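**Q** what shape does this take:
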Amino acid sequence: MSEFIAVFVWISPAMSMIYQEMFDIGPQTQQMSVGARVYHHPQLPVLADYDILFMGLSEARGQMHVERIGAPFHVLIIGVEGQGEIIAGDERIAIGPNQLAILPAYSHSGFERASELWRCAWFLLNDAPCWNSLAGGSVSVRSVQHAHSLFFAMYTLCHEARLKQESLSGEALILVLDVLKRMLASAVNSDDLASRLRTLFSGIRFAPAQAWRVEQLAEQYGVSTAHFHRLCLKNLGATPLQLIIEQRMLRARELLSSGRYSVSEVASAVGYEEVASFSRRYRAHFGSGAGEARKKTAKLP
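**A** Okay, here's the model as predicted:
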C-alpha cells in the first residue's frame, strides 16, 4: 500500500494549508472528472462560483484506495453500482447503490472498492458557507434516491467540458447541482429510512386490490429492485413481497371485522381472484381462518 504524502494546496490567495493524502488507484479503474483549478484537465472555472473544487465519476476495477487526513474540503461519494467501503479512521462502512457518503473536511477518511466493479460519483467541495450542512460531525453513509440520474448528468458535464463546449457544460452543471441538492435534502439515516419505507408500503392498504409489484415500488422509491430488496430486509426485517402481503392481510382483517362483507368479497377487495388462495394466506398470516374471523364478528352485538 502506498504511503501518505504531504500535499500543499492553495485555498485562497491569502491562505494555504498542508494535509496528507494517499492514492492507490490501479490502471483498470476508469475515471472522468472536471475541476475548477488551472491544473485540472479539463478545467471549468465556473465550478469555483459554487465552491466546487473537483468532481467526477469512477468505474473502479482492481486497486482503488484513497485516504486523506486533514483535507480542507468535504468529500461526497455517491454509490451507483456495486459495493465500496468508506474509511472513517479505523472503521469501515459499506456503501452500496443509492447511498451517499459524507466525509467532512479535516477528517481522517477515505474510500476503496469492495466488489468486482464499483461505479460511483464523487465531489470535492470547499469548506464554505454554502456547504455548511456537511461541516463538522463524523463520517456518515445515508440512503438517497436517483443516483443513476446524477451519474449520467455528471457524465454529460465531464464530456462537454472535455470538448470545451462551455454553453452545454453550463446547462449540464445546472442539472448536476439541482439533482445533488435534492439528493442532499432527501438523504436519510437508518431510522428515517425505516419510517419512509413504512410510509411507502402503507399506501397499499388503501388500494389493496391494485396489482402491486416490487419493481413498481422500487422505481417509486428511486432505487433498483435488488437494492430495494436489501433495504427492506435491513430496515423492516422482511422482503418487499412479504410487506405487500402484510398490508393486504391487515386490510382484509379490517374488512372482515366490519361484518359487512363476505369472505369472497374481502378476498376480491384485497386483490385475490381465488377465495381458497386468500384463505390460505390469511390463515398463514394470522394463525386463524378468514371464515372464523367473519363468524366471530357476526356474533358480536
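
**Q** now stretch 118-132: buried residues?
**A** W118, R119, C120, A121, W122, F123, L124, L125, N126, D127, A128, W131 (16 or more other CB atoms under 10 Å). From N, CA and C alone the C-beta is placed, and that goes for glycine too.

**Q** list phi and psi for the third one.
**A** To tie it back to what came earlier, the one meant is C120. phi -150, psi 160 (degrees, to the nearest 10).

**Q** so how far is L180 from it?
**A** 14 Å (CB to CB, to the nearest Å).

**Q** what do you get for the fifth one?
**A** The span separating W122 from L180 equals 11 Å under the rule CB to CB.

**Q** low-confidence stretches in the protein?
**A** Counting by pLDDT under 70, the ranges of the chain that qualify are 1-17, 188-191, 294-301.

**Q** where is the longest helix in it?
**A** Ranked by number of residues, the top helix in the chain under DSSP state H is helix 166-186.

**Q** who's in contact with that one?
**A** Residues outside helix 166-186 that contact it (CB atoms under 8 Å, 6 or more residues apart in numbering) are 34, 44, 46-47, 50, 55, 76, 78, 100, 123, 133, 144-147, 149-150, 153-154, 156-157, 160-161.

**Q** which parts of the stretch 51-200 of the chain are helices?
**A** With helices called from DSSP state H, counting those that start in this stretch, the stretch 51-200 of the chain shows them at 147-162, 166-186, 190-202.

**Q** of the ones you listed, which is nearest I244?
**A** helix 190-202 (7.1 Å; CB to CB).

**Q** re earlier: tell me which of the buried residues of stretch 118-132 fall in strands.
**A** Judged by DSSP state E, those include W118, R119, C120, A121, W122, F123, L124, L125, N126 as members of strands.

**Q** ok, the second one touching F151?
**A** Yes - the pair R119 and F151 qualifies as a contact (CB atoms under 8 Å) at a distance of 7.2 Å.

**Q** any shared contact partners between these two?
**A** L57, V80.

**Q** so I245 lies in a helix, does it not?
**A** Yes - counting by DSSP: H, G, I helix; E, B strand; the rest coil, I245 is found in a helix.

**Q** what's the local residue count around it?
**A** Neighbour count of I245, defined by other CB atoms under 10 Å: 19.

**Q** go on, Q30?
**A** 11.

**Q** contacting residues around it?
**A** Counted by CB under 8 Å, 6+ apart, Q30 has contacts S58, E59.

**Q** for it, what are phi and psi?
**A** Torsion angles, degrees, to the nearest 10, at Q30: phi -110, psi 140.

**Q** filter the contacts of helix 166-186 down to the buried ones, PyMOL style.
**A** Selecting the buried subset of those in PyMOL, with 16+ other CB under 10 Å as the burial test, is done by:
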select buried, resi 34+44+47+50+55+76+78+100+123+144+145+146+147+149+150+153+154+156+157+160+161
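
**Q** start to end distance for stretch 203-220?
**A** By CA to CA, to the nearest Å, the extent of stretch 203-220 from end to end equals 12 Å.

**Q** list the buried residues for it?
**A** Those would be I204, P208, W212, V214, L217, A218, for stretch 203-220 by 16+ other CB under 10 Å.
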